[in-house]
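Engineer: okay, here's the prediction I keep looking at, along with the sequence it came from:
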Number of protein chains: 2
Amino acid sequence: MKIALDAMGGDHAPREIVRGAWEACRENGLEVVLVGDRDTLVKEIDELAEPCSALEIVHATEVIAMDEAPAVAVRRKKNASVVVAAELVRSGHVKAMVSAGSTGATMAAALLNWGRIPGIARPAIASVLPTVRGVTILLDVGANVDCKPKHLLQFAVMGSLYAQKILGIDSPRVGLVNVGEESSKGNELTQQTYPLLQEAPVNFYGNIEGRDIFQGTVDVAVCDGFVGNVVLKTGEGLADALMKMIKREMQQSSLAKIGATLTLPAMRNLKKRLDYSEYGGAPLLGVNGVAIVCHGTSRALAIKNALFRARESVEAGLIGAIGASLHDPVREVGYVDGM
Amino acid sequence: MKIALDAMGGDHAPREIVRGAWEACRENGLEVVLVGDRDTLVKEIDELAEPCSALEIVHATEVIAMDEAPAVAVRRKKNASVVVAAELVRSGHVKAMVSAGSTGATMAAALLNWGRIPGIARPAIASVLPTVRGVTILLDVGANVDCKPKHLLQFAVMGSLYAQKILGIDSPRVGLVNVGEESSKGNELTQQTYPLLQEAPVNFYGNIEGRDIFQGTVDVAVCDGFVGNVVLKTGEGLADALMKMIKREMQQSSLAKIGATLTLPAMRNLKKRLDYSEYGGAPLLGVNGVAIVCHGTSRALAIKNALFRARESVEAGLIGAIGASLHDPVREVGYVDGM
């Protein structure tokens, strides 16, 4: 299977991106189309330990920067790597795309080239978070900062399908992020969403609170993109802050320093567990094709895992499954667009 | 100075509550009025290591449970400990109140008995969070799940005054919790709030993201009560989850176990740093009197610190300062009620 990879997106592009592609090809028979400046990419490929016939280059002259307004940039820079990657999917040359560049630009390029899955009102960005029990999918984490109940309902259905088909979770528990457990709790949005989720074709757990998210109380946590974005970044910031505080405390005495050295492997394991690279990126759910975005700081491992996740999404028929979920009898409960 | 303490509120009431009051009286010449069932409280006082003449009891026959609807319960249970405590403030018998019971009930009792500070549209719950650099005040953390821009503006002013007068921070930096740093970012609420904060009588830092909150980028982080509540509880849950994961990792090898033992004092220090008990509870800002709510799990130390914080708030004239801030020329920029 061929997958397009935005080779120019991310803090460590193109080197780490190309390496990730190379590792994915060697390990698992994937074919990767690297999209970006041909000369630069040829040089990077030349520096790989071994050549790899499964790497192809498609030339793209432009790059969209992290600080550009996505919708404008995608329209203006027709030859940006992420736009060309999306076009490769549309033309059928590849089956999916992966980018560690601007999430907004990836979403915009996918939307512009593929559109939405018929019936989906708003595509969402889903993040796969490490928790005490395993992982939890949090969505939306930033595509839609102002949502209506029907949007959250669709996020629930899409997140549930992703958990089932890609993460292999049977009957994923879906929770609504709220300020209390009781069904009466919440702001206007969550109070109106609750009854819709009760009727939805998902295993609705009920309301969850912030503290449940990293405890792994549910498999899928649903919220609007404002709340999800703040939660995601609060988590990143707090984990980082805690690690800094632990380090600082452990420098306070010689015994603690020795102790810290002995616990180093354990702390490394923990770091690995918390490392987004292990989880294969964030799928864009609701666009009419498979797109995975990676953290801007992604290195080869994260890119490789995202490529695998993209392939799994294609093989599992995720897009078709989301589309089908909108055309079954559940349509009657009104969770498709235009309700 | 006399302060009323809801002796029946909290997971460890009345024992730990009474001990906290006792410690506050001994340490710092405070007089505490314990409100609750007289017989129970007399027994608790009898069990203290030393008697203390600065403890007074005011009998209250009822208690409001955590799961009761606050507004209803406060109206129905006229003799609930938290209601009686609020009445003691209104009558002038005491200067402030502290409770580790239901936050909603404390807010409702304060509102019903004291009303709002004239000009304040919505009182907020402010939480004092430990960060890498010190502490950050986050508000609102749950009183108002649906907010308008003017509410956030008032939260900013009140939070800034609290940081200045009670935490002793000169010209506190005030940040608006958002999904990006640029002024154009955000949902409807934050986009409309941004220009109001630019004109407000606070040191407006601009937008902050979730990751800034625990990094201590600003002194006061402003958001609606839905977002604040989810952030606060996500933080609690993640810190707890990380500690569990660290423990688990450190049980994996004998060397790590030895290392863990050596780092124990460092980890205890960290735990203390993260402990809400150290920070003296969450002030209710905007009600027309001083009220501090404590975490439901509060023990004596947390109660003592909250009593001190309450006294500082009275001594600093916090309520008057908030009121005055609404009557100065800034009124023209329209951040008072009815704009």
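Structural biologist: Arrived safely.
Engineer: CA atoms for contacts and neighbours, from now on please.
Structural biologist: Noted.
Engineer: which residues does whichever residue of the stretch 1-150 of chain A sits closest to chain B contact?
Structural biologist: Closest residue of the stretch 1-150 of chain A to chain B, Cα to the nearest Cα: A:V145 (5.1 Å). Residues near A:V145 by Cα atoms under 8 Å, 6 or more residues apart in numbering or on different chains: A:D224, A:G225, A:F226, A:V227, B:G186, B:N187.
Engineer: what helix or strand does it sit in?
Structural biologist: In this structure, A:V145 is located outside every helix and strand according to DSSP states H and E.
Engineer: just to revisit the earlier point, need the contacts of A:V145 in CSV (columns: neighbour count and secondary structure).
Structural biologist: Converted to CSV, those look like this (neighbours: other Cα atoms under 10 Å in any protein chain shown; DSSP: H, G, I helix; E, B strand; the rest coil):
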residue, neighbour count, secondary structure
A:D224, 27, coil
A:G225, 26, helix
A:F226, 22, helix
A:V227, 27, helix
B:G186, 25, coil
B:N187, 17, coil
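Engineer: closest to B:G296 among those residues?
Structural biologist: The nearest member of these to B:G296, counting by Cα to Cα, is A:V227 at 25.0 Å.
Engineer: nearest to B:A80, of the contacts of A:V145?
Structural biologist: Nearest member of the contacts of A:V145 to B:A80, counting by Cα to Cα, is A:V227, at 35.7 Å.
Engineer: who's in contact with the closest one?
Structural biologist: Applying Cα under 8 Å, 6+ apart, we find A:V227 in contact with A:V141, A:V145, B:V227, B:V230.
Engineer: try A:G281
Structural biologist: With contact taken as Cα under 8 Å, 6+ apart, A:G281 is in contact with A:S127, A:V128, A:I292, A:V293, A:C294, A:H295, A:A302, A:N305, A:A306, A:R309.
Engineer: count the residues that sit near A:M66.
Structural biologist: Neighbourhood size, A:M66 [other Cα atoms under 10 Å in any protein chain shown]: 16.
Engineer: returning to what we had before: and the least confident of the contacts of A:G281?
Structural biologist: pLDDT across those is lowest for A:H295, at 89.
Engineer: now that one: which helix or strand?
Structural biologist: Going by DSSP H and E, A:H295 is not in any helix or strand.
Engineer: quick check: the gap between it and B:R116.
Structural biologist: 45 Å (Cα to Cα, to the nearest Å).
Engineer: would JSON lines of the contacts of A:V227 with pLDDT and distance to A:L55 be doable?
Structural biologist: Output for the contacts of A:V227, formatted as JSON lines (pLDDT from 0 to 100; distance: Cα to Cα, whole Å):
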{"residue": "A:V141", "pLDDT": "95", "distance to A:L55": "32"}
{"residue": "A:V145", "pLDDT": "95", "distance to A:L55": "38"}
{"residue": "B:V227", "pLDDT": "98", "distance to A:L55": "45"}
{"residue": "B:V230", "pLDDT": "96", "distance to A:L55": "44"}
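Engineer: related to what we said a few turns ago, ok, which pair from the contacts of A:V145 is furthest apart?
Structural biologist: Distance extremes for the contacts of A:V145: the farthest pair is A:D224 and B:G186 at 12.1 Å, using Cα to Cα.
Engineer: point me to the helix or strand that includes A:V35.
Structural biologist: Using DSSP H and E, A:V35 falls in strand A:31-36.
Engineer: helices and strands around that strand, which ones?
Structural biologist: Applying 3 or more Cα pairs under 8 Å, 6 or more residues apart in numbering or on different chains; DSSP states H and E, we find strand A:31-36 packed against strand A:2-6, helix A:15-28, strand A:55-59, helix A:81-90.
Engineer: mind doing that once more with 6 Å?
Structural biologist: Here strand A:31-36 touches strand A:2-6, strand A:55-59, going by 3 or more Cα pairs under 6 Å, 6 or more residues apart in numbering or on different chains; DSSP states H and E.
Engineer: what ranges do the helices span in the stretch 101-250 of chain A?
Structural biologist: A:103-114, A:149-165, A:188-199, A:210-213, A:225-250 (DSSP state H, counting those that start in this stretch).
Engineer: a markdown table please, covering these and showing distance to A:A282.
Structural biologist: Below are the helices of the stretch 101-250 of chain A laid out as a markdown table (distance: least, Cα to Cα, whole Å):
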| stretch | distance to A:A282 |
| --- | --- |
| helix A:103-114 | 9 |
| helix A:149-165 | 11 |
| helix A:188-199 | 23 |
| helix A:210-213 | 17 |
| helix A:225-250 | 12 |
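Engineer: so for B:D6, which of those helices sits nearest?
Structural biologist: Here helix A:210-213 is closest among these (Cα to Cα), at 26.5 Å.
Engineer: which residues are contacting that closest one?
Structural biologist: B:V230, B:K233, B:T234, B:G237 (Cα atoms under 6 Å, 6 or more residues apart in numbering or on different chains).
Engineer: need the winner for burial among the helices and strands packed on strand A:31-36.
Structural biologist: strand A:2-6 (a mean of 29; mean count of other Cα atoms under 10 Å in any protein chain shown).
Engineer: list the neighbouring strands of it plus their orientation.
Structural biologist: strand A:31-36 (parallel), strand A:96-99 (parallel) (DSSP bridges).
Engineer: tell me how far the ends of stretch A:171-188 are from each other?
Structural biologist: Stretch A:171-188 has an end-to-end distance of 28 Å (Cα to Cα).
Engineer: got the buried residues for that stretch?
Structural biologist: A:P172, A:R173, A:V174, A:G175, A:L176, A:V177, A:N178, A:V179, A:G180, A:G186, A:N187 (16 or more other Cα atoms under 10 Å in any protein chain shown).
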